[in-house]
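In: this one's structure only:
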């Protein structure tokens, strides 16, 4: 059933791409694009010129409300807001924490997802399906609850310390440390990565693997030369999406992280509302955008590849 | 999962391998389920003294407390007003586009579809801060309209791509046959196209509802301090209330997601899993 559906879908899309141009189709497709232009494209443009000192027009209101606003002093604007952020002694530790958490968590998530995906693909059976059911549980749980539950589990009176103290072992308090953020982000990011990677690995035909096996290829060789290359696009989507999500996250670090340094997502929110320094907040947003841009390009590229493979574009 | 016996059984596992796999399953069980169970137990406990493995006593009093707290009731109400509006709006905006993507060729088709991913490739909090800057000018800060727009953005890709695949999977010759038999265009659309695509549309609606209902970061930035939904109320609860109240509230908040994902679990895990997720 699922297979016939995919074939139908592919044919359906393939037929469309050669059909003659339709005006009605254009206008039907327009609304979501307009929403994205209006509420993603335009705000990002306006926020960018705000960050380099254009405080008039659409930025007039926020420039009146906010404190420490730098206004442009040359024909192109000013870099003063950026300099102010870089000079803030809190920024560098925040930035480093954000990058470390992003890389470590993404790496572990990919490793776990690959491990479980491969185990299910190669071995299958009951244990494999128990594992994948377990790892999909976070899908059912809102992020706020997940972060709170993890915080309660590893705090001073949490389960880990309670349980270990039964054996006289002093388990460390993890909540409010960098490691807690990493645990929390792994917890919340796992299902997406597993869904993507498992489906990618499942789509590799059995015959291909069996042939390689008959030709004498070992397990690692099959993984390296067949499974990973053929499931490359979903693996890239899983990795890039996870990394982008962690870089811009707020809830998990706010519940689980230390007060200082904080991840940039938390600082963006703090500077925007609590400290009332919206311009610095926006500057940090663009620093994150820049840091994420390479990953974002990879994410879009992989999605286009996969959309092409399924015939959608 | 869907195809349970898809594994190849390449190797017969040794006892040592089996031991490690067993240990890993146990680790995953504690890692994933542990925090949830630990939190859920708090919702029924009177107090909990540190090194004890069980609470000092069991009670249901916190459940009554939750429903006696006005700010919590307000947040529950807001959530159940806003999320359905977001879904309806999203369906209205995206479903015609999904149909167009599956049935028509038009200028800019590729650019339109690729543009959807671009919207997703910005780290969330940076995007929300940018939007909030504009919302000050548009007078949308702290308003329901502002929160609806924020939550709508997260649903667009689900509501376009999943139904588009569903519409494209409806065989054209079926529609043509119905037309030949004399059915009107509208009747064919309603009786065949829409009916066959309905499961896909339903999955899209469930995923969109969960995305909107669980959205916390942008809702907090734009809505607080005047408008709280359930997830953003949780930020306040954690600071100002006993853990038992937050635990009860967590169970209440997770219930709709668990129920809805339970309904479409099969589609998510089997056929439409990639469809539904690659596009998130």
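Out: Perfect, thanks for sending it. Source: prediction; values computed, not measured.
In: residue A:112 contacts residue A:186, correct?
Out: Yes: counting by C-beta atoms under 8 Å, residue A:186 is a contact partner of residue A:112 at 7.5 Å. (Each C-beta comes from the backbone N, C-alpha and C, glycine too.)
In: how about low-confidence regions in chain A?
Out: A:1-8 (pLDDT under 70).
In: closest approach to chain B from it, which residue is it?
Out: Nearest to chain B in chain A, going by C-beta to the nearest C-beta, is residue A:124, at a distance of 1.7 Å.
In: number of nearby residues for that residue?
Out: Under the neighbour criterion other C-beta atoms under 10 Å in any protein chain shown, residue A:124 is assigned a count of 19.
In: report the separation between it and residue A:245.
Out: Distance of residue A:124 to residue A:245, computed by C-beta to C-beta, to the nearest Å: 30 Å.
In: got the contact list for residue B:105?
Out: In this structure, residue B:105 makes contact with A:16, A:17, A:18, A:19, A:20, A:21, A:22, A:25, judged by C-beta atoms under 8 Å, 6 or more residues apart in numbering or on different chains.
In: can you select the buried ones among these for me in ChimeraX?
Out: Entered in ChimeraX, the line below selects the buried ones among those, by 16 or more other C-beta atoms under 10 Å in any protein chain shown:
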select /A:16,22,25
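In: nearest to residue B:197 among the contacts of residue B:105?
Out: Nearest to residue B:197 among the contacts of residue B:105: residue A:16, at 15.0 Å, using C-beta to C-beta.
In: quick check, that closest one in a helix?
Out: Yes: under DSSP: H, G, I helix; E, B strand; the rest coil, residue A:16 falls within a helix.
In: residues in contact with it?
Out: Applying C-beta under 8 Å, 6+ apart, the residues near residue A:16 are B:101, B:102, B:103, B:104, B:105, B:168.
In: export the residues you listed to a markdown table and tack on distance to residue B:204 and secondary structure?
Out: Converted to a markdown table, the contacts of residue A:16 look like this (distance: C-beta to C-beta, whole Å; DSSP: H, G, I helix; E, B strand; the rest coil):
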| residue | distance to residue B:204 | secondary structure |
| --- | --- | --- |
| B:101 | 13 | helix |
| B:102 | 13 | helix |
| B:103 | 17 | helix |
| B:104 | 19 | coil |
| B:105 | 23 | strand |
| B:168 | 14 | helix |
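In: out of those residues, which is most surrounded?
Out: Counting by other C-beta under 10 Å, top hit in the contacts of residue A:16: residue B:101 with 30 neighbours.
In: what pLDDT does that one get?
Out: pLDDT, residue B:101: 87.
In: so how many other residues sit close to residue A:210?
Out: Look at residue A:210: counted by other C-beta under 10 Å, it has 13 neighbours.
In: ugh, wrong one, I meant residue A:305
Out: 14.
In: which SSE is it in?
Out: Residue A:305 belongs to helix A:278-309 when elements are defined using DSSP states H and E.
In: wait, does that helix contact chain B?
Out: Yes: under the criterion of C-beta under 8 Å from any C-beta of the partner chain, helix A:278-309 makes contact with chain B via A:278, A:281-282, A:284-286, A:288-289, A:292, A:296-297, A:299-300, A:303-304, A:306-307.
In: show me what that helix is packed up against.
Out: helix A:42-51, helix A:60-65, helix A:80-87, helix A:91-122, helix A:232-247, helix A:264-269, helix B:109-120, helix B:124-137 (3 or more C-beta pairs under 8 Å, 6 or more residues apart in numbering or on different chains; DSSP states H and E).
In: out of these, which is closest to residue B:69?
Out: helix A:264-269 (24.8 Å).
In: any residues touching the closest one, and which ones?
Out: A:90, A:94-95, A:98, A:247-250, A:253-254, A:257, A:281, A:284-285, A:287-288, B:123-126, B:129, B:217, B:220-221.
In: out of those, which end up buried?
Out: A:94-95, A:98, A:247-250, A:253-254, A:257, A:281, A:284-285, A:287-288, B:123-126, B:129, B:217, B:220-221.
In: still on that earlier bit, which two from the contacts of residue A:16 end up farthest apart in space?
Out: Across the contacts of residue A:16 (C-beta to C-beta), the longest gap, 12.6 Å, separates B:105 and B:168.
In: can you tell me the element the most centrally placed residue in chain B falls in?
Out: Among the residues of chain B, the one closest to the centroid is residue B:210, at 2.4 Å (C-alpha atoms, centre = their mean). Taking DSSP H and E as the definition, residue B:210 sits inside helix B:194-214.
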